[in-house]
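**Student:** Sequence first, then the predicted structure, then my questions.
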Amino acid sequence: MDAIQIRGGRPLRGTIRVSGAKNAALPILCATLLSDGASRLRNVPALRDIETTSALLRFLGRDVQVAAPEVEVAVATGEARPLAPYELVRQMRASVLVLGPLVARYGRAKVSLPGGCAIGARPIDQHLKGLEVLGAKIQVEHGYVVAEAPRLTGGEIVFDIPTVTGTENLMMAAALARGRSTLVNCAREPEVEELGRVLNKMGARVTGAGTDVIHIEGRAELDPFDHAVISDRIEAGTFMAAVGATGGDVLLENAPLDDLEPVVAKLRRAGLTIEREGEHTRVRREGELVAVDATTAPHPGFPTDMQAQFMAMMCLARGRAVLTETIFENRFMHVPELQRMGANIEIRHNTAFVEGVPRLTGASVMATDLRASASLVVAGLVAEGETVVRRVYHLDRGYEHIEQKLAGAGAAIERITLSPGTLP
Ligand code: EPU
């Protein structure tokens, strides 16, 4: 069982390269299902979620060659089966992104319902309602969604709430539907915009991706594509929060600064200096950290995927930060672990009141989701003494070689193997 061991208290100094965006690469990989040719993705991060998606695509009849940072997807010989089994979907909720492409491409899809997960119930009703608007007959049976439509037809889909993967699923379905579709109240995340770019490369006419109204002119067939994935804004934001916590001076290579505006604004108010240097971004903190409030919201609001890491940094700020989570109902799992490290946090409903403390102390900790685990790494980097973050497989889902990247910037951090029964 792997764990991350950190000896805290060293300011970060050096250069860290930001990888390709997980949440952009996952839908783009699923978009390869829309075409029969060989597609190539570049700047793909080496992550467990990419491996899971590759395994799913192989199961669906694709030949997937992964040589990070490149992935090639082609049609394999043999029958394609439009079935995403529970065993694969339960490992990663984003597997539901094959639903739209499969029903559009094969006229039928059977995809396991993902079920709840650690951060919340996360229903997919908006995905299903949207597919119905495009003419799919949907049934839920034995834990699976079965969607059928000989050929989808364009239509107007109005989302009740903006959903990232829901918008992406419907964009992919509409790209192969007959005629024009309009998607209203869409998620505006940069990863949605990126998928729009890829679908345009494939020959669909997509306008408005990245705004709340997207128009898509479907095509009977789509072409394969070659595409380099955008940088990961959340990974970049995580390293910024780490510099905020430890102090220091780090050059982030390929940080997508524009996509991070809502986070950067808060970090600057908290006392960080963040400046563009050509294509890269320099992040520094020399003075004191001050408390700043944040409320998560769909893009361009403060991202829920940065809430935990921002909170870890706020644990050491002067004053009281009020952090409110509005996207997922159970995304404070890092709080009890941060408290064990000496943080002063009180939770009331969906709001955390973080009273800054002068220091955190290292502890053996673990978390049950990706961003919560990242927040414990941030806390460990600044805590006195040793921190061991367990259940590293959560981190490996979304952070490429996080320990190597941080060690390259001077952190005392390494991956260790705990034998079963190891005492903390
Ligand atoms: N929702 C519904 N019905 C739906 C779909 C969503 O009620 O049909 C609700 C959700 O329960 C949630 C809200 O709408 O309360 C927003 O969820 P959304 O669908 O936007 O989330 P997602 O598409 O499942 C993506 C990211 C998440 C990120 C969220 C929010 C990917 C693969 N995942 O999830 O990333 O937190 O958007 O920005 O893009 C992560 O990387 O750690 C991560 C969890």
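**Tutor:** In hand now; what should we look at?

**Student:** rest of the way, CA atoms for contacts and neighbours
**Tutor:** Noted.

**Student:** Assumed residue 181 was part of a strand.
**Tutor:** Yes: under DSSP: H, G, I helix; E, B strand; the rest coil, residue 181 sits within a strand.

**Student:** ok so residue 381 is a strand residue?
**Tutor:** No: the assignment for residue 381 (three-state DSSP) gives helix, which keeps it out of a strand.

**Student:** Near the residue nearest to it when sequence neighbours are not counted, how many other residues are there?
**Tutor:** Leaving out its chain neighbours, the residue that sits closest to residue 381 by C-alpha to C-alpha, 6 or more residues apart in numbering is residue 8, at 4.3 Å. Other residues lying near residue 8 total 24 when counted by other C-alpha atoms under 10 Å.

**Student:** With residue 277 instead?
**Tutor:** 11.

**Student:** beta partners of it?
**Tutor:** In this entry, residue 277 is beta-bridged to residue 280, by DSSP bridges.

**Student:** quick one: it from the ligand, how far?
**Tutor:** With distances taken as C-alpha to the nearest ligand atom, to the nearest Å, residue 277 is found 27 Å from the ligand.

**Student:** Over to residue 326?
**Tutor:** Distance from residue 326 to the ligand, by C-alpha to the nearest ligand atom: 8 Å.

**Student:** Can you give me every residue that contacts that residue?
**Tutor:** Contacts for residue 326 (C-alpha atoms under 8 Å, 6 or more residues apart in numbering) come out as 295-297, 304, 350.

**Student:** Among those residues, which ones are in helices?
**Tutor:** With helices defined by DSSP state H, no entry of these lies inside them.

**Student:** Only whichever of these are buried, select them in ChimeraX.
**Tutor:** Per 16 or more other C-alpha atoms under 10 Å, the buried members of the contacts of residue 326 correspond to this ChimeraX selection:
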select :295,296,304,350
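
**Student:** Would you mind trimming the contacts of residue 326 to those in range of the ligand?
**Tutor:** Among these, the residues that sit close to the ligand (C-alpha under 6 Å from any ligand atom) are residue 304.

**Student:** Mind putting the contacts of residue 326 into JSON lines with pLDDT?
**Tutor:** Formatted as JSON lines, the contacts of residue 326 follow (pLDDT from 0 to 100):
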{"residue": "295", "pLDDT": "98"}
{"residue": "296", "pLDDT": "98"}
{"residue": "297", "pLDDT": "98"}
{"residue": "304", "pLDDT": "98"}
{"residue": "350", "pLDDT": "97"}
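
**Student:** in a helix, that's where residue 409 is, yeah?
**Tutor:** No: using three-state DSSP, the secondary structure at residue 409 is coil, not a helix.

**Student:** Quick check: residues of the stretch 101-250 of the chain near the ligand?
**Tutor:** Residues of the stretch 101-250 of the chain lying near the ligand by C-alpha under 6 Å from any ligand atom: 122-127, 163-166.

**Student:** So what pairs up with residue 324 in the strands?
**Tutor:** Here residue 324, judged by DSSP bridges, has bridge partners residue 295, residue 351.

**Student:** Wait, it touches residue 297, no?
**Tutor:** No: look at residue 324 against residue 297 with C-alpha atoms under 8 Å: they stay out of range, at 9.5 Å.

**Student:** low-scoring stretches of the stretch 251-400 of the chain, by residue?
**Tutor:** The stretch 251-400 of the chain contains no residues with pLDDT under 70.

**Student:** What residues does it have near the ligand?
**Tutor:** Residues of the stretch 251-400 of the chain found near the ligand (C-alpha under 6 Å from any ligand atom) are 304-305, 327-328, 370-371.

**Student:** what's the farthest-apart pair in those?
**Tutor:** Farthest pair in those (C-alpha to C-alpha) is 327 and 370. Separation: 15.6 Å.

**Student:** Tell me which of the two has more neighbours.
**Tutor:** Legend: neighbour count by other C-alpha under 10 Å for residue 327 and residue 370, higher for residue 370 (21 against 18).

**Student:** Where do the domain boundaries of this structure fall?
**Tutor:** Listed by automatic domain parsing, the domain ranges of the chain are 2-19+231-417, 22-228.

**Student:** Show me how far the last one is from its chain's centre.
**Tutor:** When you say that, I think you mean domain 22-228. Chain-centre distance of domain 22-228: 15 Å, with C-alpha atoms, centre = their mean, to the nearest Å.

**Student:** what's around the nearest residue to residue 150 once chain neighbours are set aside, how many residues?
**Tutor:** Once flanking residues are discounted, residue 150 sits nearest to residue 107: 4.7 Å by C-alpha to C-alpha, 6+ apart. Residues contacting residue 107 under the criterion other C-alpha under 10 Å number 16.

**Student:** unless I'm mixing things up, residue 168 is touching residue 99, no?
**Tutor:** No: in this structure, residue 168 is not within contact of residue 99 by C-alpha under 8 Å, at 10.5 Å.

**Student:** where do the strands sit along the stretch 51-200 of the chain?
**Tutor:** Here the stretch 51-200 of the chain has its strands, by DSSP state E, counting those that start in this stretch, at 62-67, 70-75, 83-84, 108-112, 137-141, 144-148, 156-158, 180-184.

**Student:** So which of these is the most surrounded?
**Tutor:** Comparing the strands of the stretch 51-200 of the chain by mean neighbour count (mean count of other C-alpha atoms under 10 Å), strand 108-112 ranks first with a mean of 24.

**Student:** Could you list the alpha-carbon positions for that one in CSV?
**Tutor:** In CSV, the C-alpha atoms belonging to strand 108-112 read as follows (Å, rounded to 0.1, in the frame of the first residue of the first chain):
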residue,chain,number,x,y,z
ARG,A,108,-28.0,1.7,-28.5
ALA,A,109,-26.0,2.0,-25.3
LYS,A,110,-26.1,0.1,-22.0
VAL,A,111,-24.1,2.0,-19.4
SER,A,112,-24.0,1.2,-15.7
